[in-house]
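# using only what follows, build the 3D model:
(chains A, B, C, D, E and F)
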There are 6 protein chains.
Amino acid sequence: MKSQNILIVSAHAADFVWRAGGTIAKYIKNGANVSLVILSYGARGESNDLWKQEGQTLENVKNIRYGEIKQAAEIIGVTDMEIWDYKDYPMDLNEERLDQMAKKIREVKPYHIITHAFGDAFNPDHPAVAKFVHQASVMAVSAGVRMEGLPNITQTRIFGFEPHQTEISNFTPDTIIDITDTFEIKKKAMQCFKAQNHLIEYYGERAKMRGNHARRISGNKDYKYAESFMRFFPYVGGELV
Amino acid sequence: MKSQNILIVSAHAADFVWRAGGTIAKYIKNGANVSLVILSYGARGESNDLWKQEGQTLENVKNIRYGEIKQAAEIIGVTDMEIWDYKDYPMDLNEERLDQMAKKIREVKPYHIITHAFGDAFNPDHPAVAKFVHQASVMAVSAGVRMEGLPNITQTRIFGFEPHQTEISNFTPDTIIDITDTFEIKKKAMQCFKAQNHLIEYYGERAKMRGNHARRISGNKDYKYAESFMRFFPYVGGELV
Amino acid sequence: MKSQNILIVSAHAADFVWRAGGTIAKYIKNGANVSLVILSYGARGESNDLWKQEGQTLENVKNIRYGEIKQAAEIIGVTDMEIWDYKDYPMDLNEERLDQMAKKIREVKPYHIITHAFGDAFNPDHPAVAKFVHQASVMAVSAGVRMEGLPNITQTRIFGFEPHQTEISNFTPDTIIDITDTFEIKKKAMQCFKAQNHLIEYYGERAKMRGNHARRISGNKDYKYAESFMRFFPYVGGELV
Amino acid sequence: MKSQNILIVSAHAADFVWRAGGTIAKYIKNGANVSLVILSYGARGESNDLWKQEGQTLENVKNIRYGEIKQAAEIIGVTDMEIWDYKDYPMDLNEERLDQMAKKIREVKPYHIITHAFGDAFNPDHPAVAKFVHQASVMAVSAGVRMEGLPNITQTRIFGFEPHQTEISNFTPDTIIDITDTFEIKKKAMQCFKAQNHLIEYYGERAKMRGNHARRISGNKDYKYAESFMRFFPYVGGELV
Amino acid sequence: MKSQNILIVSAHAADFVWRAGGTIAKYIKNGANVSLVILSYGARGESNDLWKQEGQTLENVKNIRYGEIKQAAEIIGVTDMEIWDYKDYPMDLNEERLDQMAKKIREVKPYHIITHAFGDAFNPDHPAVAKFVHQASVMAVSAGVRMEGLPNITQTRIFGFEPHQTEISNFTPDTIIDITDTFEIKKKAMQCFKAQNHLIEYYGERAKMRGNHARRISGNKDYKYAESFMRFFPYVGGELV
Amino acid sequence: MKSQNILIVSAHAADFVWRAGGTIAKYIKNGANVSLVILSYGARGESNDLWKQEGQTLENVKNIRYGEIKQAAEIIGVTDMEIWDYKDYPMDLNEERLDQMAKKIREVKPYHIITHAFGDAFNPDHPAVAKFVHQASVMAVSAGVRMEGLPNITQTRIFGFEPHQTEISNFTPDTIIDITDTFEIKKKAMQCFKAQNHLIEYYGERAKMRGNHARRISGNKDYKYAESFMRFFPYVGGELV
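Model prediction:
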């Protein structure tokens, strides 16, 4: 992991924490260069509790979300973060934005991208972002997609987050990452999103469940907590893993 | 790879060479302990050319096959080889044989098993062996499956070989292994099977095709030849690969 | 069913009749509050016979379709009907229209939505509408999607119609509704679409076929006619059904 | 549920508790007639901890398992229980046993059968039992399968249990049953299996996870705990559910 | 079709009529050499109405079935018919029977085999026969599978029949055969199975439904009735069809 | 093939050569009327080597591509070719372009369309074109889609090209066409694309691989080279093929 460039693309404010907070913290702890792009504040689609407040405004929701994101990112150790402030629910991922993402990929030259997977039964923004990042990653490879000063790069590995209800979202975990060492960090980062208490418990138990799976599959009893992902492309390497 | 125990289970005489010869050679070269189990001589199902000879006998076919296997195994560097001499086409994988396989798995304590994948449009023995090895691997884990002197072990990773016609055999490669360094060994090992010249060319070009895919997916230009596999279980580990 | 709010979303003029006429009639007969939204007259894509007439105009086609729809809706008992007059073939389901649909869902507060399923081998409008209704239903749930005077609601159950050629449209019926009592109503409603005689026979026999399936699966001999649907989400309830 | 006959078929001793204990307790509480068939003690495949004891014997393991099953069944309220004492890991489900199962189905005349689903990544006995029960249920329907005194019945609804690792076992929940009222019973029943503490916690959290899904899908906030199942055949009935 | 050898393998007495009667009649009319193998009388699984008669015996059921088969085969024009009298429900397709089938395939040297497809939601014998014929066809190709006087042949094309409930049986029609010219023959042949009136109507309307699909897909208005099939292997030929 | 109208739709300049050059050459040789539509020069996505040249311009890339296309088309024998000069990577296939394509389909009245298949792991333009051509083909059938002077036609058969990495692109070949007679023409046509030497070898070996598959599946030893395709709709015809 040391010195690897990692790009995280999160559709809404908190997605990167619930779904990959432990893995990101681990990469940072081990010396990776993590860049985080948050496409939207999730003000429309993922801020339900904030809108229960009388007289709530979009501006205020964004401010609160910004505070939460900032705090969570700090706990995880992310120092390079951008919020692109797209509108969510629905998210309009047009050609101009595709260029913006392809450009970002060329700038970061990521060894891995971690983003949403292709299915989500209750969140159409997530698969849209999966398709968007995939397409941008292919554009980033092509020499004919001209971006002054940013030469084309080679294909990036991409991993998709676990959606909330995996089985009805065509999500089959093929990659399970041990986060035993960074689970406490993830927990603290989750707690920044005060209005979503039920999710803190949910994703805590999810990490324990994946830890159970990790032990059964690998025989390694040291795995206590884990996060799972779904590869966009096959693994290529020098040995079986 | 160094010092890893690897178990190869090959349904017929030459399967391990066509489908994984380069990977096995690489493991051996790097100091792995490779155990090879060949379930049958493939005398009925995979010795077509030998049977064209007038007056051919089963005994003689097995003898010829034995010579070829031995020579190929030597070229690849395999020193621990067993031939269980099951009848093939069809292969009767009964409960007693399941015990034999589970026992072998406990003896070898493999870090990886490499065997057939679950589909093969033109070879029913191959999926039968996939199911057989999978079931034996689960039995090997269970403490209640008593084998005197052979305690239960933890779950083994299992990888399935590429079948001959992948797309119509439900084979999706999720693991591509670079065999650039050992392709020449694979080629020589393939040439032991003199009667099957067309396969030597076929699997040579297949390795080149997988090398092409490996380069496109990874961006690594050094990959010239590769072999592909399909995992039985998700990858579990400390980092994304 | 009594007092349940049901929303039907039909891509073209007659879809709701061919595919769910018996089920809708049954709900109405049993006291449900059915709201019908017809997105287009189907003037371009589903009025072939009308266009065979010399000098035919779009306006005239729409007029004829309107008469047919009105009559069929009356026979079925629908009293709350809207025709949104979108252009069909192709159908542009943009963000503004997504808002319109989400708003409608909040207004109706449906217990069930019945609309198109996700696949249709020969009608791209149908899967587009499935995706559109699904996305609008998720927006309707989200408190941050602000629609003055229309608070967010809970997730609606959604059921997809049978497409014309089911097997090549990824349609697997998981819900089969007995329409024995209302089949005659459906038949009469179908007969309003005079120019499409072959479909009247086709969907009559389809209802008989589903009746046969209903008997075989359930053992209930009283089922003579049925319609089938495909759920968007799992069934949740207090007992197995 | 009242007066419905329900047949539970459990491959090993404790399967019915982990996977459907809350649902079974609910049916019994509401007056259903539940018959439980346990095919094996799970002595070989699901009694790992017992075998850690020095000098353990098969007979003793079965005795302990018997005590646990009896106690758990009592807590859940099952009064009609049979243990067929098949050997497990692997389970030989031959033609004679198929007759035994078909006969049992005719005797019980179940409205629902609850048993294993068709996939299980780490337990080949479970899919084998799914296939076995399915086949027996079809035989039970056929008048030509003669069983003196036991006339053929109509097709039974069948529901498959959740396997341990759902996503890699082709398990897609299509039926989620609220067990909020009987979760405490399930918990107590699980605690009978003292040697499997980690599973008690695992399936407790699983029930909470399914409760979360049940709330999101249905909008019903009263659902706290749930169990999920996978239908073998479509739902057939008089209304959408 | 002229002079082509065609082998039909029917699990039970009447399967070949319901599912492929029109296609078989057409081949015969056009000069093909059709060989029919019926594996069982379907006495246990597909003779429900006969068993309703007081004092019915297996022998008598077989006799009645024999009469029906003979008559239907004559109407269709089949002159080469064998009934292997296997027990059905379940069908034991052991190694000896596999040899018998492989031998038959070598004798007939079929250009096409027509048999059951790989899925059937309510008839486990049908997928078992699909697997059996597939495996025998592969054995027939292999020179090492020695059958005195019967040299190995090349791979045969195999087509699977439509099961009764296609969508829940994983049946996707990829081949639709016009039977407009022989539909009347099929109808008469179906009428030989007097006790199964409902199926005569069912498969008559099914043929009309497939005729409708054939017209929509091809644009050929002359197609009135059709039967559909599912290939076991890709089409290979000199031009697109 | 003689006198059949064939429409080829190629997303980028060279796609039609790599993927179907042998089949197209065969159709032309046998007297078919082939119309070729090339949607883009592939200047952004498929001209990597040209952009390595210092000071390269879009105009110049298009000119070079034009020369290559023209030469390749001549070698294959295509005389009716249009280049629509869409921008690629990404390709904006809007409603106006959909009309253009539907119109073209009505003009050509093709017996077959050959274009891209629905999946491509590393080229989002290809599935987009598959969807586009499919939708246009359905519009072309509909009488209500008015195009002055161009009456609606019947549904066209559509075949999808092989993508570069088939197994991870959901490509299952169901149609394999022998190109032994025209492989030399394909080779020469491929050589027009000088900057893509590695693809010439890749697609040469791919044709040999498909030839191997063609022999195994059909038993016809004369097949040396082949191309494979994936049908959009079932085959409909008068006999099994």
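# quick check: phi and psi at residue A:57.
For residue A:57, the backbone dihedrals are phi -120, psi 160 (criterion: degrees, to the nearest 10).
# from residue F:179, how far off is residue A:76?
56 Å (Cβ to Cβ, to the nearest Å). For glycine as for every other residue, the C-beta is placed from the backbone atoms N, C-alpha and C.
# also residue A:108?
Relative to residue F:179, and taking Cβ to Cβ, residue A:108 is found at 44 Å.
# same deal with residue A:238?
Using Cβ to Cβ, we find residue A:238 at a distance of 37 Å from residue F:179.
# which neighbouring elements make contact with the helix or strand hosting residue A:63?
Under the criterion of DSSP states H and E, residue A:63 resides in helix A:58-76. Counting contacts by 3 or more Cβ pairs under 8 Å, 6 or more residues apart in numbering or on different chains; DSSP states H and E, helix A:58-76 packs against helix A:15-29, strand A:80-83, helix A:183-190.
# just to revisit the earlier point, which of residue A:108 and residue F:179 has more neighbours?
In this view residue A:108 and residue F:179 are compared by other Cβ atoms under 10 Å in any protein chain shown, and residue F:179 has more residues nearby, 27 against 21.
# just give the number of residues close to residue A:222.
11.
# report the distance from stretch A:126-141 to the chain centre.
The chain centre lies 13 Å from the centre of stretch A:126-141; the measure is Cα atoms, centre = their mean, to the nearest Å.
# do it and chain D meet at all?
No - using Cβ under 8 Å from any Cβ of the partner chain, stretch A:126-141 stays clear of chain D, coming no nearer than 14.5 Å.
# need the residues of chain A near chain C, please.
By Cβ under 8 Å from any Cβ, the residues of chain A that approach chain C are A:42-52, A:61, A:89-90, A:92, A:121-124, A:168.
# try it again at 10 Å.
Listed as neighbours of chain C in chain A under the rule Cβ under 10 Å from any Cβ of the partner chain: A:41-52, A:56-58, A:61, A:87-90, A:92, A:120-125, A:128, A:165, A:167-168.
# now the buried members of those residues.
Listed as buried from the residues of chain A next to chain C are A:41-48, A:50-51, A:56, A:61, A:88-90, A:120-125, A:128, A:165, A:167-168; burial here means 16 or more other Cβ atoms under 10 Å in any protein chain shown.
# list the contacts for the closest residue to chain E within chain A?
In chain A, the residue that lies nearest chain E is residue A:170 (17.5 Å; Cβ to the nearest Cβ). Going by Cβ atoms under 10 Å, 6 or more residues apart in numbering or on different chains, residue A:170 touches A:117-121, A:127, A:163, A:230, D:167, D:172.
# and if you look at residue A:31?
Contacts of residue A:31 (Cβ under 10 Å, 6+ apart): A:1-4.
# repeat for residue A:221
A:215, B:154.
# how far away is it from residue B:141?
Distance from residue A:221 to residue B:141, by Cβ to Cβ: 13 Å.
# mutual contacts of the two, please.
In contact with both residue A:221 and residue B:141: residue B:154, using Cβ under 10 Å, 6+ apart.
# now the longest helix along chain A - C-alpha only, PDB.
Longest helix in chain A, counting residues (DSSP state H): helix A:197-218. What follows is helix A:197-218, C-alpha atoms only, in PDB (Å, rounded to 0.1, in the frame of the first residue of the first chain):
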ATOM      1  CA  ASN A 197     -27.600   6.600  14.400                       C
ATOM      2  CA  HIS A 198     -29.300   3.500  13.000                       C
ATOM      3  CA  LEU A 199     -26.700   3.400  10.200                       C
ATOM      4  CA  ILE A 200     -23.800   3.500  12.700                       C
ATOM      5  CA  GLU A 201     -25.100   0.300  14.300                       C
ATOM      6  CA  TYR A 202     -26.000  -1.200  11.000                       C
ATOM      7  CA  TYR A 203     -22.600  -0.800   9.400                       C
ATOM      8  CA  GLY A 204     -20.900  -1.800  12.600                       C
ATOM      9  CA  GLU A 205     -22.700  -5.100  12.600                       C
ATOM     10  CA  ARG A 206     -22.100  -5.500   8.900                       C
ATOM     11  CA  ALA A 207     -18.400  -5.200   9.500                       C
ATOM     12  CA  LYS A 208     -18.600  -7.900  12.100                       C
ATOM     13  CA  MET A 209     -20.600 -10.100   9.600                       C
ATOM     14  CA  ARG A 210     -17.900  -9.700   7.000                       C
ATOM     15  CA  GLY A 211     -15.300 -10.500   9.600                       C
ATOM     16  CA  ASN A 212     -17.200 -13.800  10.200                       C
ATOM     17  CA  HIS A 213     -17.200 -14.500   6.500                       C
ATOM     18  CA  ALA A 214     -13.500 -13.600   6.200                       C
ATOM     19  CA  ARG A 215     -12.600 -16.200   9.000                       C
ATOM     20  CA  ARG A 216     -14.700 -18.900   7.400                       C
ATOM     21  CA  ILE A 217     -13.300 -18.400   3.900                       C
ATOM     22  CA  SER A 218      -9.700 -17.900   4.900                       C
END
